[in-house]
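Q: requesting a structural model of the entry that follows:
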Amino acid sequence: MNAFFALIVTLFVASSLAAQNVKYTNFPERGADIIIHPKEHTRDDSMIVLIGESFSTTSLEKIEDINVAPLISHTMGLMAMGTSSNKQGFPQVSLFDYPKVNLLFTVDGVGSDFLSQNPSTASFKDKITLPLFTSTFPASTLTSLTSISTGTSPSEHGIVGDSWITYDNKNVAPHSSFETSSVSANFADVLSQISQGKSLTLSGSANPNMAATFAPHNIIKQSFPTANTFTCTLSNSCVSEGELTDEKVRKAVTEQSFLAFIGVSSLYNEDGTPIFDLDSKNVDNTLVSELYLLYSLSNGISKDESLVTLVNDEVPDSITFTFSSLRALAQKYGTTSAKYILAVQLVESAISNTISQISSVYNGRTISEVIFLDPAVNTPDSQNIKNTVLGIVEAGLQVRELYDIHYPRVYLEPSLSMQDHETICALLRDVLQFFADVHCSSRATGAPKYVEDMTFRYNLDAPNNGSCPIIYIQDNDFVAAQQIAMWTFLIFFILCCIGVYSAVALGNDITKDTLLFRSPGRHQHQN
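A: Have a look, this model is predicted:
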């Protein structure tokens with residue numbers, strides 16, 4: 001009976017914690033007029049590494065990008081995130097042993113094939129490693145990162161690419177304004193709302209858009225002006241003093257503690273020349289700057305008094321860091337170059353040391369994920385597609401902009417009629433029928449559209465004139481419900497303990513000798 005009531009209370013608590021209000025908002029049209037994608041989904045080269053005792057019971061063999069946020073929220077014991085209800089294979093975590101902080105690192109521009117072929121970059125080979133599948137197309141970096149951080153697809157979060165063209169002919173980038181931000185809550189949004197700004201949420205990267213992808217929405221910052229949220233970039237390094245200037249970066253490469261942090265004794269060649277060019281406009285400089293930024297953040301969390309206070313409370317925290325420089329290094333030097341291989345080694349060492357250092361600060365109450373994103377989406381047909389589309393454009397196709405040239409997103413001139421759209425779309429379908437699938441958005445409805453291809457959902461268009469869900473929790477109501485659920489569980493647990501104790505005590509009383517009952521185990525007195 002007690003077990004039954006305990007189950008009822010557990011279900012009540014779970015349903016209370018999952019409660020959320022979904023509001024709706026409109027955002028400007030972002031998706032392309034025509035989207036071209038492969039006939040078959042190209043093999044992903046991305047992977048995720050799961051680190052921490054809480055992941056030890058997982059039976060996952062692979063994971064989609066939209067399931068990463070739900071996995072993290074589940075393992076942290078927080079409200080369910082994203083739109084996927086598939087939790088098969090998620091770890092079983094004790095109700096009384098949830099992690100205090102989640103560390104998420106993303107390395108853009110490194111694939112699993114490269115790591116497996118280079119033993120010197122196998123820092124996480126003894127950890128849980130899973131293939132990470134991209135659930136949408138086009139698979140741009142910011143689109144993938146937003147799907148990872150929110151647990152939703154581009155037609156829901158609205159980040160349809162690294163940039164896009166609006167119908168009033170504006171080229172916009174994500175997070176450049178309120179209107180270009182994600183409309184789905186990410187993990188930091190959820191934490192900040194649940195804790196009313198008390199959680200430590202820190203996001204860093206040399207790329208401001210990548211840092212913003214994992215940071216709380218501006219609305220959250222407005223709702224909680226004193227929230228413990230930090231978005232750290234090279235121009236605002238948060239816990240260190242101001243901007244990471246070229247002078248600071250040049251000085252960093254001589255600091256022994258920093259060199260130990262990235263796992264080398266020197267960043268200079270034997271002839272005294274620097275291995276990485278520290279010119280401020282060079283991708284080498286961006287790499288070293290990102291490494292030093294992570295080094296500063298890691299040290300700051302363990303030494304900054306205000307941050308240490310946040311570490312020692314019982315409110316869950318989130319720390320994320322995205323390396324944006326390796327993709328550019330791969331393009332400049334090649335993935336087989338000694339410089340690129342060394343760069344990956346330095347990044348792996350910095351991540352490993354950060355996990356170790358922060359785990360020590362949090363007394364081991366941490367879980368960590370390291371995501372390596374596929375360097376590029378490319379197939380043998382992509383060159384044919386590129387040449388075909390460019391040839392049509394040169395022949396007079398009224399195109400404003402092409403993105404992701406191998407599998408383009410095509411933005412047509414707004415003056416074209418729907419009939420013109422259909423004509424152009426039919427032309428592209430005809431000439432690309434052997435290489436790719438071509439899909440056109442419907443200006444008439446502006447509805448989100450998908451094409452199902454096995455388990456992969458190809459994003460064709462973000463909602464245009466329709467509405468799209470944005471998750472905002474009613475702070476006071478949610479916190480009140482959470483507190484009521486916790487107190488109900490606690491009171492019921494105490495009553496169960498009292499009931500068990502009373503039953504045991506009553507049993508002991510029954511077996512005592514009385515005028516009507518004599519214990520058979522009692523020895524008879526021998527005269």
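Q: which helix or strand contains Tyr411?
A: strand 409-412 (DSSP states H and E).
Q: how far does that strand sit from its chain's centre?
A: Mean-position distance between strand 409-412 and its chain equals 28 Å (C-alpha atoms, centre = their mean, to the nearest Å).
Q: what residues sit buried inside the helix or strand that it is followed by?
A: Once strand 409-412 ends, the next helix or strand along the chain (criterion: DSSP H and E) is helix 418-431. For helix 418-431, a neighbour-count test (16 or more other C-beta atoms under 10 Å) marks 421, 424-425, 428-429 as buried. For the C-beta atoms, the positions are set from N, CA and C on the backbone; glycine is no exception.
Q: repeat that for stretch 62-69.
A: Quick answer for stretch 62-69 (16+ other C-beta under 10 Å): 63-69.
Q: what's the first-to-last distance across it?
A: End-to-end span of stretch 62-69 (C-alpha to C-alpha, to the nearest Å): 14 Å.
Q: contacts made by it with the rest, please.
A: Residues outside stretch 62-69 that contact it (C-beta atoms under 8 Å, 6 or more residues apart in numbering) are 48, 71, 81-84, 86, 130-136, 144, 147-153, 186-187, 369, 371, 455.
Q: where does the stretch 351-500 of the chain dip in pLDDT?
A: Scanning the stretch 351-500 of the chain for pLDDT under 70 picks out 375-383, 386, 390, 392-408, 441-489.
Q: 80 - rerun?
A: Residues of the stretch 351-500 of the chain that meet the criterion pLDDT under 80 lie in 374-418, 420-421, 434-437, 439-490, 492-493, 499-500.
Q: quick one, strands of the stretch 201-350 of the chain?
A: Along the stretch 201-350 of the chain, the segments classed as strands by DSSP state E, counting those that start in this stretch run 201-205, 229-232, 317-323.
Q: ok, Phe90 touching Thr58?
A: Yes - counting by C-beta atoms under 8 Å, Phe90 does reach Thr58; the two are 6.5 Å apart.
Q: on that earlier part again, strand partners of the strand holding Tyr411, parallel vs antiparallel please.
A: According to DSSP bridges, strand 409-412 forms sheet pairs with strand 34-38 (antiparallel), strand 399-403 (antiparallel).
Q: isn't Ser149 up against Thr213?
A: Yes - here Ser149 reaches Thr213: they are 5.5 Å apart, a contact under C-beta under 8 Å.
Q: which neighbours do those two share?
A: Joint contacts of Ser149 and Thr213 (C-beta under 8 Å, 6+ apart) are 182, 186.
Q: surely Ser280 and Lys248 touch.
A: No - with contacts counted by C-beta under 8 Å, Ser280 stays clear of Lys248, the gap being 11.3 Å.
Q: looking at these two, which is more packed in?
A: Lys248 (17 against 11; other C-beta atoms under 10 Å).
Q: so who does the residue lying closest to that one once chain neighbours are set aside touch?
A: What sits nearest to Lys248 in space, not counting adjacent residues and going by C-beta to C-beta, 6 or more residues apart in numbering, is Tyr292, at 7.4 Å. Neighbouring residues of Tyr292 by C-beta under 8 Å, 6+ apart: 244, 248-249, 252, 258.
Q: same thing but at 10 Å, please
A: 234, 237, 240, 244, 248-249, 251-253, 255, 258, 261-262, 350 (C-beta atoms under 10 Å, 6 or more residues apart in numbering).
Q: same check, this time on Ser302
A: 308, 311, 357-358, 360-362.
Q: remind me which residues of the stretch 51-200 of the chain are low pLDDT?
A: For the stretch 51-200 of the chain, the ranges with pLDDT under 80 are 80, 82-86, 95-96, 122, 134-140, 154-155, 158, 160-161, 163-172, 175-183.
Q: which residue ranges form the helices in the stretch 251-400 of the chain?
A: Ranges of helices in the stretch 251-400 of the chain, per DSSP state H, counting those that start in this stretch, are 256-261, 283-303, 305-311, 325-333, 338-361, 382-394.
Q: now these in TSV, with distance to Ser116?
A: Listed next are the helices of the stretch 251-400 of the chain as TSV, based on distance: least, C-beta to C-beta, whole Å:
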stretch	distance to Ser116
helix 256-261	26
helix 283-303	22
helix 305-311	36
helix 325-333	16
helix 338-361	12
helix 382-394	24
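Q: find the centremost residue of the chain, please.
A: Ser149 (3.2 Å; C-alpha atoms, centre = their mean).
Q: any idea which element that residue lies in?
A: Per DSSP H and E: helix 141-150 holds Ser149.
Q: what about that helix, distance to the chain center?
A: On C-alpha atoms, centre = their mean, the centre of helix 141-150 falls 7 Å from that of its chain.
Q: likewise stretch 193-211?
A: Put simply, stretch 193-211 sits 11 Å off its chain's centre (C-alpha atoms, centre = their mean).
Q: quick check: end-to-end length of that stretch?
A: 19 Å.
Q: next one: stretch 369-387
A: Note: stretch 369-387 ends 39 Å apart using C-alpha to C-alpha.
Q: residue contacts, the spatially closest residue to Ala122 that is not a sequence neighbour?
A: Excluding its sequence neighbours, the residue lying closest to Ala122 (C-beta to C-beta, 6+ apart) is Leu115, at 6.5 Å. Contacts for Leu115 were tallied using C-beta under 10 Å, 6+ apart; they are 45, 47, 49, 107, 121-125, 129, 344, 348, 372.
Q: tell me the one of these nearest Phe96?
A: Lowest distance from Phe96 to the contacts of Leu115 (C-beta to C-beta) belongs to Val49, with 26.5 Å.
Q: next, the angle from the host helix or strand of that closest one to helix 338-361.
A: Counting by DSSP H and E, the element that carries Val49 is strand 46-51. Taking axes from the mean of the first three to the mean of the last three C-alpha atoms, to 10 degrees, one finds strand 46-51 and helix 338-361 inclined to each other by 30 degrees.
Q: which is the next helix or strand following strand 46-51?
A: strand 63-64.
Q: which is the next helix or strand following that next one?
A: helix 68-76.
Q: so Val120 sits in a helix?
A: Heads up, residue 120 is Ser, not Val. Yes - checked against DSSP: H, G, I helix; E, B strand; the rest coil, Ser120 lies within a helix.
Q: distance of the residue nearest to it when sequence neighbours are not counted from Ala338?
A: Leaving aside its chain neighbours, Ser120 sits nearest to Gln345 (5.9 Å; criterion: C-beta to C-beta, 6+ apart). For Gln345, the distance to Ala338 equals 10 Å [C-beta to C-beta, to the nearest Å].
Q: these two: which is more packed in?
A: Neighbour count, other C-beta under 10 Å: between Gln345 and Ala338, Gln345 has more, with 18 against 9.
Q: list the contacts of that one.
A: Gln345 neighbours (C-beta under 10 Å, 6+ apart): 118, 120-123, 262-264.
Q: can you add distance to Val172 and neighbour count and give those back as TSV?
A: What follows is these, written out as TSV (distance: C-beta to C-beta, whole Å; neighbours: other C-beta atoms under 10 Å):
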residue	distance to Val172	neighbour count
Asn118	38	16
Ser120	41	11
Thr121	36	22
Ala122	40	13
Ser123	38	18
Ile262	36	22
Gly263	39	15
Val264	40	16
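Q: with distance to Ile491 as added columns, please give the residues you listed in CSV.
A: As requested, those are arranged in CSV below (distance: C-beta to C-beta, whole Å):
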residue, distance to Ile491
Asn118, 57
Ser120, 57
Thr121, 53
Ala122, 51
Ser123, 47
Ile262, 52
Gly263, 52
Val264, 57
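Q: hmm, Leu278 and Thr245 touching each other?
A: No - in this structure, Thr245 is not within contact of Leu278 by C-beta atoms under 10 Å, at 11.3 Å.
Q: comparing these two, which shows the higher neighbour count?
A: Leu278 (17 against 14).
Q: mind checking pLDDT for that one?
A: Leu278 is assigned 85 on the pLDDT scale.
Q: surely it and Asn285 touch.
A: Yes - taking contacts as C-beta under 10 Å, Leu278 lies within contact range of Asn285: 5.1 Å.
Q: any common contacting residues for these two?
A: 246, 249-250.
Q: show me which of these is closest to Ser296.
A: Nearest member of the shared contacts of Leu278 and Asn285 to Ser296, counting by C-beta to C-beta, is Val249, at 11.3 Å.
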